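1. this one's structure only:
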């Protein structure tokens, strides 16, 4: 007997977003990829500039 409600909470939540999401296209993928590149560069720059405010001089900062 096959149940129709197989799946997790995420699957049930995603069913409501099916009509509201944009259709996938190469243009949207390219835009999001470029935004991710820009945000990663901004993140590295912010870490470099804010390093002295967050960490004490002479300490060993690990991951």
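-> Perfect, thanks for sending it. Since we're looking at a predicted model, the values are computed, not measured.

2. can we go C-alpha only for contacts and neighbour counts from here?
-> Will do.

3. quick one: which helix or strand includes residue 51?
-> Element membership of residue 51 [criterion: DSSP states H and E] is helix 26-54.

4. Who are the packing partners of that helix?
-> Contacts defined by 3 or more CA pairs under 8 Å, 6 or more residues apart in numbering; DSSP states H and E place helix 26-54 against no helix or strand at all.

5. For that helix, which residues meet the burial criterion?
-> Counting neighbours by 16 or more other CA atoms under 10 Å, one finds that helix 26-54 has no buried residues.

6. Quick one: distance of that helix to the chain centre.
-> In terms of CA atoms, centre = their mean, to the nearest Å, the centre of helix 26-54 is found 11 Å from the chain centre.

7. Give me the mean pLDDT for that helix.
-> Helix 26-54 shows a mean pLDDT of 91.

8. Let's verify residue 59: helix, strand, or coil?
-> coil (DSSP: H, G, I helix; E, B strand; the rest coil).

9. Make residue 1 into 31 and carry on from there
-> Yes, from this point I'll number from 31; that puts the last item at residue 89.

10. Next, give phi and psi for it.
-> Phi and psi for residue 89, reported as degrees, to the nearest 10, are phi -100, psi 160.
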